[in-house]
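Chemist: sequence and predicted structure, then a few things I'm wondering about:
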Amino acid sequence: MDTKSELLRYAMSDFHRVSRTRRCERSFSGSLPWSFFRGPFFRGSFFRVLSVLLSTYLLFGLVPAPVSAETGDPEVGIVQWKRDFDAALLESKKTRKPLFVLFQEVPGCHGCKKFGQTVLVDPLIVEAIETLFIPVLVYNNRGGKDAELLKRYREPSWNFQVVRFLDASGKDILPRKDKVWTKKGIVLRMIKALEQSERTVPSYLRGMQAEYTSKLETLAIAMYCYWTGERVLGALPGVVKTEAGWIDGREVTRVWYDADLIQPETIVERAMHARSADTLFVHNDVLLAAKKGGKQIYGFPLSKAGVLRESRYSVAKASDQKRQLLGTAFQSLTLSPYQSTKVNAFVRENIDRARGFLSPRQRTMLDRSIR
């Protein structure tokens, strides 16, 4: 299901939520004329305080948070969950897709709701769950089939969420792991499960993996135009994210890169080749090490290098970020940091290359916006 459909589903759920609230208001005041509530009896300070407390209760106690359009439960996000476990196993045998099984407490605590409303609403994560896996929801606080599955997989009841990846026979593809409650944790586990199942990991999921790697290094390069810097440096393999910013009143392009995939010398060389490198900013320990070794750092004159201090760095305004996307159909898409970096680098020169960083649903949305 594409994002437009998701927005429509959410809008309809919001419409019904508002309708329920209005019905509640009518049932509360319908037996008395509205003028009664505006009369002298309700003008005293006591009732003014009471009205504030009542309003607060109605606002924070009765109005629900955004919920899944299918189940009405914020703990499970907007994923289109299946509830028939046996049918899901049969589907897995036919499609060879692994099962993504969520054992969740509904209604649940704040942590359960936070998981549902952060991890399970991310468009790319939702797309991966729904298209690369067979999503199955198991309630860990109910009887019947849910209780049977809890017993079968030795899952505790009334517990925090647990995600398990199963094959067509119902066996774990990965060892069970508790406390995987972040986007990073879920994405990395999904990729590992796909690899173990000998399934293809799409590029958009690899991009998210790159964002979450613990090996990212950063540097900043002062240049005459940070729009050019983002375009030129973002195209390099191994560069995960770029950002337009300022250091001491000078335009800089900040780069985050995977040190296992690209050397900083390559980044600096590309900036110098584009005649865009005036000053190189690196962390203090890197600069000190370079001073002991010679007159250059990453092939750049040491005399033009400085320390990258967060206190001196500020992010440029939003309208100056990823400037190549401006005026293109890609601008209407919700892109991950990795995607926006790569699409921004190629959209003006190789649109097919830029499309390659999108997910299938994003490509569909892009094609619809162009028509």
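Modeler: Great, that's in hand. Numbers count the residues shown, from 1 in each chain.

Chemist: show me where the chain has strands.
Modeler: Taking DSSP state E as the test, the strands found in the chain are 99-104, 134-139, 162-166, 216-222, 239-247, 250-258, 279-282, 296-297, 300-301, 305-307, 313-315.

Chemist: so which of the ones you listed is nearest residue 229?
Modeler: Ranking the strands of the chain by distance to residue 229, with Cβ to Cβ as the measure, places strand 250-258 first at 2.8 Å. The way it works is simple: take the backbone N, C-alpha and C, and place the C-beta from them, glycine included.

Chemist: using a markdown table, lay out the strands of the chain together with distance to residue 207 and mean neighbour count.
Modeler: What follows is the strands of the chain, written out as a markdown table (distance: least, Cβ to Cβ, whole Å; neighbours: other Cβ atoms under 10 Å):
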| stretch | distance to residue 207 | mean neighbour count |
| --- | --- | --- |
| strand 99-104 | 20 | 24 |
| strand 134-139 | 21 | 23 |
| strand 162-166 | 21 | 23 |
| strand 216-222 | 13 | 21 |
| strand 239-247 | 8 | 22 |
| strand 250-258 | 12 | 22 |
| strand 279-282 | 25 | 23 |
| strand 296-297 | 29 | 18 |
| strand 300-301 | 28 | 17 |
| strand 305-307 | 30 | 17 |
| strand 313-315 | 21 | 14 |
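
Chemist: please convert the ones you listed to CSV, extending it with mean pLDDT and distance to residue 123.
Modeler: Formatted as CSV, the strands of the chain follow (pLDDT from 0 to 100; distance: least, Cβ to Cβ, whole Å):
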stretch, mean pLDDT, distance to residue 123
strand 99-104, 98, 16
strand 134-139, 98, 15
strand 162-166, 98, 18
strand 216-222, 95, 23
strand 239-247, 97, 18
strand 250-258, 96, 22
strand 279-282, 94, 34
strand 296-297, 88, 40
strand 300-301, 88, 39
strand 305-307, 92, 38
strand 313-315, 97, 23
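
Chemist: among those, which comes closest to residue 343?
Modeler: Nearest of the strands of the chain (Cβ to Cβ): strand 239-247, 11.7 Å.

Chemist: from residue 265, how far out is residue 280?
Modeler: 11 Å (Cβ to Cβ, to the nearest Å).

Chemist: who touches both of these two?
Modeler: Residues touching both residue 280 and residue 265 (Cβ atoms under 8 Å, 6 or more residues apart in numbering): residue 298.

Chemist: ok, now which ones touch the closest residue to residue 186 other than its chain neighbours?
Modeler: Spatial nearest neighbour of residue 186, excluding adjacent residues (Cβ to Cβ, 6 or more residues apart in numbering): residue 119 at 5.6 Å. Residue 119 makes contact with 77, 125, 181, 182, 183, 186, according to Cβ under 8 Å, 6+ apart.

Chemist: from those residues, which is closest to residue 225?
Modeler: Checking the contacts of residue 119 one by one against residue 225 (Cβ to Cβ), the nearest turns out to be residue 183, at 32.7 Å.

Chemist: which one is the closest one nearest to, not counting chain neighbours?
Modeler: Per Cβ to Cβ, 6+ apart, closest to residue 183 is residue 119, 5.3 Å.

Chemist: likewise for residue 240?
Modeler: residue 210 (4.7 Å).

Chemist: neighbours of the one you found, just the number please.
Modeler: 23 (other Cβ atoms under 10 Å).

Chemist: for the one 3 residues further on, same thing?
Modeler: Here the neighbour count serves as a burial measure; for residue 213 (other Cβ under 10 Å) it reads 15.

Chemist: how much space between the nearest residue to residue 117 once chain neighbours are set aside and residue 354?
Modeler: Sequence neighbours aside, residue 74 is the residue nearest to residue 117 in space, at 5.4 Å (criterion: Cβ to Cβ, 6+ apart). The gap separating residue 74 from residue 354 is 35 Å, by Cβ to Cβ.

Chemist: ok, now residue 239?
Modeler: Residue 239 is 15 Å from residue 354, by Cβ to Cβ.

Chemist: likewise for residue 89?
Modeler: Taking Cβ to Cβ, one finds residue 89 at 39 Å from residue 354.

Chemist: which of the two has more residues huddled nearby?
Modeler: residue 354 (22 against 17).

Chemist: pretty sure the more buried one contacts residue 343?
Modeler: Yes: using Cβ atoms under 8 Å, residue 354 is in contact with residue 343, at 4.6 Å.

Chemist: which neighbours do these two share?
Modeler: The contact lists of residue 354 and residue 343 share residue 330, where a contact means Cβ under 8 Å, 6+ apart.

Chemist: need the strands of the chain in TSV (columns: distance to residue 200).
Modeler: Formatted as TSV, the strands of the chain follow (distance: least, Cβ to Cβ, whole Å):
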stretch	distance to residue 200
strand 99-104	16
strand 134-139	16
strand 162-166	16
strand 216-222	25
strand 239-247	21
strand 250-258	21
strand 279-282	37
strand 296-297	40
strand 300-301	40
strand 305-307	43
strand 313-315	36
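
Chemist: how about those, which one is nearest residue 85?
Modeler: strand 134-139 (5.9 Å).
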